[in-house]
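**Student:** Model the structure of this input:
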Amino acid sequence: MKTLNQNLLKRVLLTTGFLFLISCQNKNHQIENQQPEVSLEKSSAISAIIGGTEVLSSDPLKKFTVLIHAYSVDNETDPKPRNISICTGIIVSPFHVLTAAHCLEKAFGKITNKAANKDEIQDSKIDPSLKKHGVIEVIYSLNQVSSESNRDFVKKSTMHSGYIRSDGQYFDMALLKLRKEIPVEYEPISILPAAIELKKGDSVVSLGYGSTGQGLGNRFMKLYKVSEVSIKEDEGIEIVLDQTNGKGICSGDSGGPTVYFYNGKYYLVGINMAVVVTDVTNPSACNTYGVIVKAQTFKPWILKQINLL
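**Tutor:** Here you go, the predicted structure:
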């Protein structure tokens with residue numbers, strides 16, 4: 001049952017609009033002129049991780065975090081287009097990456113009704129409705145440099161059957177099957193055990209590929225982390241993060257991990273999904289509340305899809 005606070009929060013989300021954390025960018029890293037998602041056709045150019053620091057090559061957080069490029073082409077032999085989507089992904093098995101479902105829309109188009117998506121496993125080749133080839137790249141790098149030596153292409157993917165592209169987003173998760181096993185310097189992250197229930201005020205760490213600043217038009221260049229992000233509320237299927245202190249997730253961080261350090265190890269708490277925005281023209285628009293998909297709740301779905309995909 002929803003509490004009064006949860007009902008009020010949902011009303012804020014629906015009236016002010018979700019800023020989905022996907023970033024659209026061309027190949028030379030210039031961001032498109034975009035708006036936040038108050039309606040379904042809009043997106044954002046606000047910067048990524050806010051109040052964070054760059055992840056170094058020695059940081060264990062880099063071992064389970066990857067960069068995702070999604071796009072579509074008319075023919076398989078066509079070059080990579082200038083207009084691509086940039087997201088973050090989470091390694092959850094030697095062959096699987098978890099991310100946000102809306103990150104795949106550049107490759108496969110928008111999901112607007114449940115009938116269009118029933119947990120069906122699809123190969124990453126062609127979207128019949130668009131008559132285009134959907135391509136998803138997974139890049140193992142601390143920056144956005146993609147090369148033959150540090151990338152893989154997704155073989156198959158699946159979205160949660162409850163996912164619908166709407167202002168009140170739910171079940172925003174997808175699992176990707178890689179063509180090759182992850183590099184030896186990377187490793188999967190485990191989901192936070194059910195016995196560990198985080199509460200309001202607990203601090204987590206969020207990661208994503210973004211810029212250091214908060215202003216509009218910042219370039220998305222490297223993997224960043226932000227610590228001491230406080231949990232505001234646990235809604236069962238989602239967790240709300242308090243970003244009013246200028247620390248948290250923003251555009252470009254979709255699909256990335258929010259983690260918790262326990263007994264000497266990082267565990268996955270959730271999948272970065274959205275923030276609540278009231279004024280897109282404000283350079284600090286993400287200094288409000290972040291929303292992540294609660295991984296503990298969907299652990300059975302994640303494990304099932306790993307076995308099926």
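**Student:** residue ranges of the strands in the stretch 101-250 of the chain, please?
**Tutor:** Under the criterion DSSP state E, counting those that start in this stretch, strands of the stretch 101-250 of the chain are mapped to 122-123, 133-139, 151-159, 174-178, 203-210, 222-234, 238-242.
**Student:** Mean neighbour count and distance to Leu104 added to those, as CSV?
**Tutor:** Glycine gets a C-beta too; all of them are placed from N, C-alpha and C. Putting the strands of the stretch 101-250 of the chain into CSV (neighbours: other Cβ atoms under 10 Å; distance: least, Cβ to Cβ, whole Å) gives the following:
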stretch, mean neighbour count, distance to Leu104
strand 122-123, 13, 10
strand 133-139, 22, 7
strand 151-159, 20, 6
strand 174-178, 25, 6
strand 203-210, 26, 16
strand 222-234, 20, 20
strand 238-242, 22, 19
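**Student:** Let's have those in JSON lines, adding mean pLDDT and distance to Leu67.
**Tutor:** Below are the strands of the stretch 101-250 of the chain laid out as JSON lines (pLDDT from 0 to 100; distance: least, Cβ to Cβ, whole Å):
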{"stretch": "strand 122-123", "mean pLDDT": "48", "distance to Leu67": "22"}
{"stretch": "strand 133-139", "mean pLDDT": "84", "distance to Leu67": "4"}
{"stretch": "strand 151-159", "mean pLDDT": "89", "distance to Leu67": "9"}
{"stretch": "strand 174-178", "mean pLDDT": "94", "distance to Leu67": "13"}
{"stretch": "strand 203-210", "mean pLDDT": "89", "distance to Leu67": "5"}
{"stretch": "strand 222-234", "mean pLDDT": "93", "distance to Leu67": "7"}
{"stretch": "strand 238-242", "mean pLDDT": "94", "distance to Leu67": "22"}
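**Student:** will you turn these into TSV that also has distance to Thr88?
**Tutor:** Below are the strands of the stretch 101-250 of the chain laid out as TSV (distance: least, Cβ to Cβ, whole Å):
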stretch	distance to Thr88
strand 122-123	22
strand 133-139	10
strand 151-159	15
strand 174-178	12
strand 203-210	5
strand 222-234	8
strand 238-242	15
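**Student:** between those strands, which gets nearest to Ile189?
**Tutor:** Shortest separation from Ile189 across these is recorded for strand 203-210, at 10.6 Å, computed as Cβ to Cβ.
**Student:** what angle separates the closest one from strand 133-139?
**Tutor:** 120 degrees (axes from the mean of the first three to the mean of the last three Cα atoms, to 10 degrees).
**Student:** Paired strands for strand 203-210, with orientation please.
**Tutor:** Partners of strand 203-210 in the sheet, by DSSP bridges, are strand 222-234 (antiparallel), strand 257-262 (antiparallel).
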